[in-house]
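Asks: Give me the fold of what follows.
(2 chains)
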There are 2 protein chains.
Amino acid sequence: MIDHITPGFALDVLKILGINGKDGEVVTAAMNVESRSYKRKDIVKIQNRELKPSEVDRIALIAPRATINIIRNYDVTSKEKVELPSLIRGIITCDNPSCVSNSREPVEPQFTVEQREPIRLRCYFCGHIIEREDVLKQF
Amino acid sequence: MIDHITPGFALDVLKILGINGKDGEVVTAAMNVESRSYKRKDIVKIQNRELKPSEVDRIALIAPRATINIIRNYDVTSKEKVELPSLIRGIITCDNPSCVSNSREPVEPQFTVEQREPIRLRCYFCGHIIEREDVLKQF
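Replies: Just a heads-up that it's a prediction; the model follows:
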């Protein structure tokens, strides 16, 4: 279960996970429901699915307060906050076409986090700013 | 609440309704959950939202067994099946570019239902077949 998703972003989380329902995955998504900690939140519950680290990293970009709860036999067996590192590497690419990270050089894209929520990233190489909408387009 | 949606098509129903969570709508979507009547089903619950007839007509095309339940104060106050007419008019267009319904003539697109689920439509004018995937692309 992915809890405390930024309100309105459950469908983006499903997209990150490649879930559209057509593969028979048992999934529940709740949007803009009341939250004790924050005013509103989204929740996504998925049966029998472990998240890959790369998926968790992407979720952290759009929902930095999300928690990943593993539920077994109706008990929460583990509860972890996603982590948004201060340097983002290898998850998204710079959308400035003339950035060195988009040349043929073997340069891994890197971004510093200028703002956490909504996310605002600055390309380490060319200074280009990437906003949440741009990040979502890459997912 | 829209119940008995064809399993895997809850997100398509949300798309038909123009719901992506970003407007603060309180929504729950369940996919591929167990059903008494059928093996699996999808469910969509929306707070404070009445469906327009044109929305119900579109839902019927991809989920012809769906039921629309109106819930007030925790009680189901009305329960209606969507209706898939045998002649579909004005909801979708023919994707054969040389069909007369795509000319400048004032001809309303019309389709006969060849198969209900998954939907298969035949254009009344040019005989062109439209499958569920083609219908979804128009929504």
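Asks: partners of the helix or strand hosting A:Lys41 in the sheet?
Replies: Element membership for A:Lys41, per DSSP states H and E: strand A:40-46. Strand A:40-46 pairs in its sheet with strand A:2-5 (antiparallel), strand A:27-34 (antiparallel), by DSSP bridges.
Asks: which of these sits most buried?
Replies: Of the strands paired with strand A:40-46, the one with the most neighbours on average (mean count of other CB atoms under 10 Å in any protein chain shown) is strand A:2-5, at a mean of 22. From N, CA and C alone the C-beta is placed, and that goes for glycine too.
Asks: For the worst-scoring helix or strand of chain A on mean pLDDT, name the packing helices and strands.
Replies: Least confident helix or strand, chain A: strand A:75-81 with a mean of 90, by mean pLDDT, DSSP states H and E. Contact here means 3 or more CB pairs under 8 Å, 6 or more residues apart in numbering or on different chains; DSSP states H and E; on that basis strand A:75-81 packs against strand A:67-72.
Asks: From the contact counts, what lies against the strand it packs on?
Replies: Packing partners of strand A:67-72 (3+ CB pairs under 8 Å, 6+ apart): strand A:2-5, strand A:75-81.
Asks: Relative to B:Gly8, which of the strands paired with strand A:40-46 is closest?
Replies: strand A:27-34 (10.0 Å; CB to CB).
Asks: before we move on, back to that, off-centre distance for the least confident helix or strand of chain A?
Replies: Remark: strand A:75-81 is offset 18 Å from the chain centroid, using CA atoms, centre = their mean, to the nearest Å.
Asks: any residues touching the helix or strand following it, and which ones?
Replies: Note on strand A:75-81: by DSSP H and E, the next helix or strand toward the C-terminus is strand A:87-89. For strand A:87-89, contacts defined as CB atoms under 8 Å, 6 or more residues apart in numbering or on different chains pick out A:61, A:108-113, A:121, A:124.
Asks: List just the nearest of those residues to A:Gly18.
Replies: When the contacts of strand A:87-89 are compared against A:Gly18 (criterion: CB to CB), the nearest one is A:Leu61, at 16.2 Å.
Asks: Relative to chain B, how far out is that closest one?
Replies: Distance of A:Leu61 to chain B, computed by CB to the nearest CB, to the nearest Å: 17 Å.
Asks: helix or strand for the spatially most central residue of chain A, which one?
Replies: Nearest to the geometric centre of chain A sits A:Ile59, at 1.5 Å (CA atoms, centre = their mean). Secondary structure assignment for A:Ile59, by DSSP H and E: helix A:53-62.
Asks: do A:Ile91 as well
Replies: Applying DSSP H and E, one finds A:Ile91 in no helix or strand.
Asks: hang on, it packs against A:Ser54?
Replies: Yes. Between A:Ile91 and A:Ser54 there is a contact at 7.2 Å, judged by CB atoms under 8 Å.
Asks: what's near enough to touch A:Thr67?
Replies: A:2-4, A:79-82.
Asks: partner residues bridging it?
Replies: Here A:Thr67, judged by DSSP bridges, has bridge partners A:Asp3, A:Lys81.
Asks: quick one: low-confidence ranges for chain A?
Replies: Chain A contains no residues with pLDDT under 70.
Asks: Can you name the residues of it that neighbour chain B?
Replies: Residues of chain A lying near chain B by CB under 8 Å from any CB of the partner chain: A:7-11, A:14, A:20-33, A:40, A:42.
Asks: three-state assignment of A:Asn20?
Replies: What DSSP: H, G, I helix; E, B strand; the rest coil gives for A:Asn20 is coil.
Asks: Apart from its neighbours in sequence, what residue is nearest it?
Replies: B:Leu11 (5.8 Å; CB to CB, 6 or more residues apart in numbering or on different chains).
Asks: Would you agree the one you found falls within a helix?
Replies: Yes. Assessed by three-state DSSP, B:Leu11 belongs to a helix.
Asks: Please name the residues that touch it.
Replies: A:11, A:14, A:20-21, B:29, B:31.
Asks: Would you convert those into TSV that also reports distance to A:Ile129?
Replies: Below are those laid out as TSV (distance: CB to CB, whole Å):
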residue	distance to A:Ile129
A:Leu11	25
A:Leu14	27
A:Asn20	31
A:Gly21	35
B:Ala29	33
B:Met31	36
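Asks: what's the closest of those to A:Leu136?
Replies: A:Leu11 (10.3 Å).
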